[in-house]
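Q: Structure of the sequence below:
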Amino acid sequence: MKEIHIGSLIKKRVKEIDIDKERLTGFFNCNEQDILEVYHKKTIDSLELLKWSKLLKYDFFRIYSGHLILYAPLSNPNKKSNPTRLPVYKKNVYTKEIIDYFIEVYNSKEKTVSQIIEDYQIPKTTLYKWLKKYNSH
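A: Numbering: from 1, shown residues only. Alright, predicted model coming up:
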């Protein structure tokens, strides 16, 4: 999750759902070599990623959202944020992989509940619900 190579993730998904090369080249109006080049790209254009997400029925943008949750610098709670006209999301989108990561960090004793809450700005009740629901320890 720390290092994202989107091309290899797209390739993995193509193999998972066993999609025909002809379908790929037809959808993107390109040749097979162009598809193979995508698999080697570390990053791709967001519009192209949206097309891949639709075709492969997988939200590749969530990979980046998960990365932001885990690795984005925390905002200073004492600092007033600048108002925005962009959409404001009240809830974070936590994937099962993100939840599993937090549970693993807790179980391995890398961090305490308090540290996870403070470091990742996760509500206490949310983390405790995850531990109760998903933790096998």
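
Q: which residues in the protein form helices?
A: Secondary structure of the chain (DSSP state H): helices at 6-17, 21-28, 32-40, 46-56, 61-71, 96-107, 113-120, 124-134.

Q: Looking at those helices, spot the one closest to residue 87.
A: Among the helices of the chain, the nearest to residue 87 by Cβ to Cβ is helix 61-71 (13.5 Å). C-beta here means a position set from N, CA and C on the backbone, and glycine is covered the same way.

Q: how much does the closest one deviate in direction from helix 46-56?
A: Orientation check (axes from the mean of the first three to the mean of the last three Cα atoms, to 10 degrees): helix 61-71 against helix 46-56 gives 120 degrees.

Q: Not counting its neighbours along the chain, what's nearest residue 57?
A: residue 17 (7.6 Å; Cβ to Cβ, 6 or more residues apart in numbering).

Q: The one you found reaches residue 56, doesn't it?
A: Yes: using Cβ atoms under 8 Å, residue 17 is in contact with residue 56, at 6.5 Å.

Q: Neighbour count for these two, which is higher?
A: residue 56 (19 against 10; other Cβ atoms under 10 Å).

Q: Could you report the pLDDT at that one?
A: pLDDT recorded at residue 56 is 97.

Q: ok, it - contacts?
A: 10, 13-14, 17, 19 (Cβ atoms under 8 Å, 6 or more residues apart in numbering).

Q: Among these, name the buried ones.
A: 10, 13-14 (16 or more other Cβ atoms under 10 Å).

Q: Determine the number of other residues adjacent to residue 115.
A: Neighbours around residue 115, by other Cβ under 10 Å: 12.

Q: er, residue 70 actually
A: A count of neighbours around residue 70, defined by other Cβ under 10 Å, yields 16.
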